[in-house]
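Student: need coordinates for the following:
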Amino acid sequence: MNHPPESFQVLPGADASPVILHVPHSSRVIPESVRRGIVLDDGALARELDHITDSHTADIAAAAAAAAPVTPWRFVNGLSRLVIDPERFPDEREEMLAVGMGAVYTRTTHRERLRPDGFDPRPLTDRYFHPYAEAMTRAVADRLAAVGRAVIIDVHSYPTRALPYELHGDGPRPPICLGTDPFHTPAGLLGAAEEAFAGFGGTGLDTPFAGTYVPLEYYGKDDRVGALMVEIRRDVYMSEPGGPAGPGLGALAAALAELVGGLRA
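Tutor: So this is what the prediction gives:
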């Protein structure tokens, strides 16, 4: 099935760049056909979007791409993660199923009901999740064919205070959290990120969010695919929850551009 044209964008970078800036959670867009399956009223849905959306992260990635000496590729989700969350495992491996937040969410950030009991997620995963995963797999394959490696940098944000849905919200909440994978995050990539983001008051490793996103075709199998998750605490660059961006956005984009600039083929 072809993906709806608004579902995601693959924005080309330089032929020589191995980097894919992945922005999965920046959008608030929910198609009307999906909205009808959400039980929240409009006010409650707007509040939930304030909490769950990684606001302005697409702008950070765009500004970083424009400033980088070698333009990275960008893969940007055009729909809210309340449609599908492309970074979840689509099966029982996903730990967030425990709080109703697998590939298709049935509960909110405050563990309230989002969709009716017994909701069938398969139409949404068929229409949105699988085409997204297939396109991301192709994007990685394209970088491997072009330059021999791919580096996926996830651009996320997280709230200053833990929300009830978080399974590991009791630990430190540094200005910049760097999520890693023991197979896909080489020491050089992590070190470059720590250096690039050193000016924001400190970085943390895998707290409060851990791991990276790698398409399942390559996950744990192909070390030519590097991956790092950059989680930015929202008070560093915006008003919470869901408010406008501030001057921190430009500084973050510059730091991300610095990181991207050091990742040559």
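Student: now for Ala68: which residues touch it?
Tutor: Shown in contact with Ala68 (CB atoms under 8 Å, 6 or more residues apart in numbering): 257, 260-261. C-beta: built from backbone N, CA, C; applies to glycine.
Student: most neighbours among the residues you listed, which one?
Tutor: Per-residue neighbour counts (other CB atoms under 10 Å) across the contacts of Ala68 peak at Val260, which has 27 neighbours.
Student: shouldn't that one be in contact with Pro72?
Tutor: Yes - when contacts are counted by CB atoms under 8 Å, Val260 is listed as touching Pro72 (5.0 Å).
Student: which helices and strands does the helix or strand in which Val155 is found pack with?
Tutor: With secondary structure defined by DSSP states H and E, Val155 is part of strand 150-158. When contacts are defined as 3 or more CB pairs under 8 Å, 6 or more residues apart in numbering; DSSP states H and E, strand 150-158 packs onto strand 19-23, helix 57-67, helix 130-147, strand 225-233, helix 248-261.
Student: and Glu92, what's its pLDDT?
Tutor: As predicted, Glu92 sits at a pLDDT of 83.
Student: which neighbours do Val260 and Pro72 share?
Tutor: 17, 19, 21, 64-65, 153.
Student: from the residues you listed, pick the one nearest Gly199.
Tutor: Nearest to Gly199 among the shared contacts of Val260 and Pro72 is Ala64, at 15.0 Å by CB to CB.
Student: with pLDDT and distance to Leu114 added, can I get the contacts of Ala68 in a markdown table?
Tutor: Shown next, in a markdown table, are those (pLDDT from 0 to 100; distance: CB to CB, whole Å):
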| residue | pLDDT | distance to Leu114 |
| --- | --- | --- |
| Ala257 | 98 | 36 |
| Val260 | 97 | 35 |
| Gly261 | 95 | 40 |
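Student: that older thread, could I get the shared contacts of Val260 and Pro72 as a markdown table with neighbour count, distance to Glu94 and pLDDT?
Tutor: Listed next are those as a markdown table, based on neighbours: other CB atoms under 10 Å; distance: CB to CB, whole Å; pLDDT from 0 to 100:
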| residue | neighbour count | distance to Glu94 | pLDDT |
| --- | --- | --- | --- |
| Ser17 | 26 | 31 | 97 |
| Val19 | 30 | 27 | 98 |
| Leu21 | 28 | 24 | 98 |
| Ala64 | 26 | 29 | 98 |
| Ala65 | 23 | 30 | 98 |
| Ile153 | 25 | 22 | 98 |
